[in-house]
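K.L.:
no FASTA, just this:
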């Protein structure tokens, strides 16, 4: 992965074979990024996607796709849980026939090339496990 | 909905049952946000989607989907029309089989959980009704 | 196309018939924007989409779609190559039946109406041709 610091964020270029989520996690950990949002486009050749069942099982169902897929959107954030950087990303992916698949992006998704703009947010962004929902949820100060 | 002010914007977490667009509208109204852009990811269990026919009828066709859908992208802006906050959002949604649907997001779309970064833009962003197009259009100063 | 400068970026509204990528390129060229990221939503009536084959042919396959499509996400960046502004955009597009197509957005994609937030990044963002990959790649200073 290549990167440059620019303004209040980074520009990243993931390279062939980079594990997208793992690279984001290691980069955030190394640079001590604990609150950020990112957007990206590019291409990958392996996508490990998840879909969360809120209504019944409260678990992720996963599937792996091995093909060249355009990354139409890679959208998410970096927060902190148990003092470690936690990236959360969703991806929309374009197939060769221009149909589209997508889901929660898991470890094991391997880049052809991805261009990412990651912007730090002032302050912290903490997540904590919510047992009733079954997910890690952003802990935000105010109720609306 | 939970939120925190961070830098020149807010981080929001919509909770189970929150009407996504209505919550954004009420939040923007309360906080007097009149010019902003937002990006989000998450999940919803009811999506009311629209598709606008520019060529012939100049009307929206709507459909409601009742299922757990990953929000792959929630993208849009907040402007002002008739002195009221007007959010405009499009959503890309992932099904349990990883196929994807999407459209203009209307009132009646209900969150499981959505993480949103909303960033205010300096100045104002006005919309006005355009009768010939049949839509509310951003009124921007310069022609290119 | 209409626009306004707001903060460290621009808000754009593309109008009926505007070639999306060409307009972004000409606007960036005129305003000397050489490093920026953008996000947009809207609608188009002609989409020229590409899909890049990394594994074998290292070429784009293109297809043109002539129909009203909601732009669910328009995501990308503006860099510089050979001293000229180079926009790179991917699009997720919603059909009238709420199914979704998408790909790399090429010249020849014609707007009904598109709302774009373009944010400049401090410094420069250079691309150069990479013969082995067959693409123009961001040249970033650091290796991770």
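P.N.:
Here it is on my side, so go on. These figures come from a predicted structure and were not determined experimentally.

K.L.:
what about residue A:7, distance to chain B?
P.N.:
Applying C-beta to the nearest C-beta, to the nearest Å, the value for residue A:7 to chain B is 12 Å. All C-beta spots, glycine's among them, are computed from the backbone N, C-alpha and C.

K.L.:
What is the neighbour count of that residue?
P.N.:
Neighbours of residue A:7 under the rule other C-beta atoms under 10 Å in any protein chain shown: 16.

K.L.:
Report the contact partners of it.
P.N.:
Residue A:7 makes contact with C:121-123 under the criterion C-beta atoms under 8 Å, 6 or more residues apart in numbering or on different chains.

K.L.:
of all those, which comes closest to chain B?
P.N.:
Relative to chain B, the closest of these is residue C:121; by C-beta to the nearest C-beta it sits at 14.6 Å.

K.L.:
The closest one - nearest residue in space that isn't next to it in sequence?
P.N.:
Excluding the flanking residues, the one nearest residue C:121 by C-beta to C-beta, 6 or more residues apart in numbering or on different chains is residue C:35, at 4.3 Å.

K.L.:
residues contacting the one you found?
P.N.:
Residues near residue C:35 by C-beta under 8 Å, 6+ apart: A:6, C:78-80, C:120-125.

K.L.:
Turn those into CSV, including secondary structure, neighbour count and distance to residue B:12.
P.N.:
Below are the contacts of residue C:35 laid out as CSV (DSSP: H, G, I helix; E, B strand; the rest coil; neighbours: other C-beta atoms under 10 Å in any protein chain shown; distance: C-beta to C-beta, whole Å):
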residue, secondary structure, neighbour count, distance to residue B:12
A:6, strand, 19, 26
C:78, strand, 25, 28
C:79, strand, 27, 31
C:80, strand, 18, 35
C:120, strand, 20, 25
C:121, coil, 25, 25
C:122, coil, 11, 27
C:123, coil, 14, 30
C:124, coil, 12, 33
C:125, coil, 24, 30
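
K.L.:
Between these, which sits nearest residue C:87?
P.N.:
residue C:78 (4.9 Å; C-beta to C-beta).

K.L.:
right, and the closest one touches residue C:118 too?
P.N.:
Yes: between residue C:78 and residue C:118 there is a contact at 7.4 Å, judged by C-beta atoms under 8 Å.

K.L.:
what about stretch A:125-142, start to end distance?
P.N.:
13 Å (C-alpha to C-alpha, to the nearest Å).

K.L.:
thinking again about what came up before, which one among the contacts of residue A:7 gets closest to residue A:19?
P.N.:
residue C:121 (25.4 Å).

K.L.:
Wait, that closest one touches residue A:6, no?
P.N.:
Yes: counting by C-beta under 8 Å, residue A:6 is a contact partner of residue C:121 at 4.7 Å.

K.L.:
ok, and the closest non-adjacent residue to residue A:79?
P.N.:
residue A:125 (4.1 Å).

K.L.:
Spell out whether stretch A:39-53 and chain B are in contact.
P.N.:
Yes: under the criterion of C-beta under 8 Å from any C-beta of the partner chain, chain B is reached by stretch A:39-53 at A:39, A:49-53.

K.L.:
Could you tell me which residues within stretch A:67-76 count as buried?
P.N.:
A:68-76 (16 or more other C-beta atoms under 10 Å in any protein chain shown).

K.L.:
Can you add distance to residue B:13 and secondary structure and give these back as JSON lines?
P.N.:
Listed next are those as JSON lines, based on distance: C-beta to C-beta, whole Å; DSSP: H, G, I helix; E, B strand; the rest coil:
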{"residue": "A:68", "distance to residue B:13": "34", "secondary structure": "strand"}
{"residue": "A:69", "distance to residue B:13": "29", "secondary structure": "strand"}
{"residue": "A:70", "distance to residue B:13": "30", "secondary structure": "strand"}
{"residue": "A:71", "distance to residue B:13": "25", "secondary structure": "strand"}
{"residue": "A:72", "distance to residue B:13": "25", "secondary structure": "strand"}
{"residue": "A:73", "distance to residue B:13": "20", "secondary structure": "strand"}
{"residue": "A:74", "distance to residue B:13": "20", "secondary structure": "strand"}
{"residue": "A:75", "distance to residue B:13": "15", "secondary structure": "strand"}
{"residue": "A:76", "distance to residue B:13": "14", "secondary structure": "strand"}
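
K.L.:
and chain C, which of those reach it?
P.N.:
Within the buried residues of stretch A:67-76, those near chain C by C-beta under 8 Å from any C-beta are A:68, A:70-73.

K.L.:
Compile those residues into a markdown table and extend it with columns for distance to chain B and pLDDT.
P.N.:
Below are these laid out as a markdown table (distance: C-beta to the nearest C-beta, whole Å; pLDDT from 0 to 100):
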| residue | distance to chain B | pLDDT |
| --- | --- | --- |
| A:68 | 16 | 97 |
| A:70 | 13 | 98 |
| A:71 | 11 | 98 |
| A:72 | 8 | 98 |
| A:73 | 5 | 98 |
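
K.L.:
can you give me the strands in chain A?
P.N.:
For chain A, the strands defined by DSSP state E occupy A:2-6, A:9-14, A:36-52, A:60-81, A:84-94, A:100-105, A:110-120, A:126-130, A:135-139, A:142-143.

K.L.:
Can you give me the buried ones in the fifth one?
P.N.:
The neighbour-count check on strand A:84-94 (16+ other C-beta under 10 Å) flags A:85-94 as buried.

K.L.:
give me every residue that touches the residue nearest to the spatial centre of chain A.
P.N.:
Nearest to the geometric centre of chain A sits residue A:89, at 2.4 Å (C-alpha atoms, centre = their mean). Residue A:89 makes contact with A:20-21, A:24, A:38, A:74-76, A:104-105, B:41, according to C-beta under 8 Å, 6+ apart.

K.L.:
per-residue pLDDT, it?
P.N.:
For residue A:89, the pLDDT comes out at 98.
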